[in-house]
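1. Let me see the structure of the following:
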Amino acid sequence: MGSCTILRSIGLAGAVGLLIVSGSRIVRVSQAHPLPKPVKSEVLVAGEIVDGDIVADEIVDGDIVTIRPESEVLSKQKLPNFVGISGATTGAQGISMNLVVIPAGGAAKAHFHRDYETAVYLLKGRVKTLYGKGLKKSVINEAGDFIYIPPGVPHQPQNLSSEETALALVSRNDPNEQENVVLYEPAE
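-> Next comes the predicted model:
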């Protein structure tokens, strides 16, 4: 392998990975995934380090990881979540994706996402979202809508149905989907 050096160790919920480089070329990324039923536990990437970022120019080997959550967890926003893709479940480094459930007549606690964007696809239901400073603005979305929430915008989704659950696929450019969620009091 020539004169390769270990650039850094990556710790992932009890697993360890190594990023090995030769000059500015990435030779190998080896990452043990702490997954429930991972497909494989090693990912190989060839590329360069440009301004501190990894830029892949050739995929040498890689595996698709499938997550099938068996139970829901209650989020900081007090909504049932089925955690899909995250740093903890797949070793993702820049994205998370979850299925969020808003029970009939239910609402999330008002909150904002510190330093990351959120994309939502409403799968089922009609949801009214109060948003902005003091939650003084609102928008109503229905199944089939794509919704973008910028970083730092306070919001509170509410299921408009008193009989049916609303379901949303939520993706964020933060692999730690709950760590940067901040609860918001409208008086702030």
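2. Could I get the phi/psi values of Leu79?
-> With angles defined as degrees, to the nearest 10, Leu79 sits at phi -120, psi 140.
3. how about the nearest residue to it, chain neighbours excluded?
-> Leaving aside its chain neighbours, Leu79 sits nearest to Ala108 (5.0 Å; criterion: C-beta to C-beta, 6 or more residues apart in numbering). Yep, even glycine has a C-beta here, placed from its N, CA and C like the rest.
4. Pass me the low-pLDDT residue ranges in the protein, would you?
-> By pLDDT under 70, the low-scoring segments of the chain are 1-60, 177, 188.
5. For it, which segments are assigned as helices?
-> 87-90 (DSSP state H).
6. which ones are touching Ile85?
-> 67, 92, 95-98 (C-beta atoms under 8 Å, 6 or more residues apart in numbering).
7. 6 Å instead, please
-> For Ile85, the contacting residues are 92, 96-97, by C-beta atoms under 6 Å, 6 or more residues apart in numbering.
8. any chance of those residues in JSON lines, with distance to Glu117 and neighbour count too?
-> What follows is the contacts of Ile85, written out as JSON lines (distance: C-beta to C-beta, whole Å; neighbours: other C-beta atoms under 10 Å):
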{"residue": "Ala92", "distance to Glu117": "15", "neighbour count": "20"}
{"residue": "Ser96", "distance to Glu117": "11", "neighbour count": "24"}
{"residue": "Met97", "distance to Glu117": "13", "neighbour count": "18"}
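9. will you turn those into TSV that also has distance to Phe112?
-> Compiled in TSV, the contacts of Ile85 are given as follows (distance: C-beta to C-beta, whole Å):
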residue	distance to Phe112
Ala92	22
Ser96	16
Met97	19
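10. from those residues, which single one is nearest Leu183?
-> Closest approach between the contacts of Ile85 and Leu183, by C-beta to C-beta: Ser96, at 18.5 Å.
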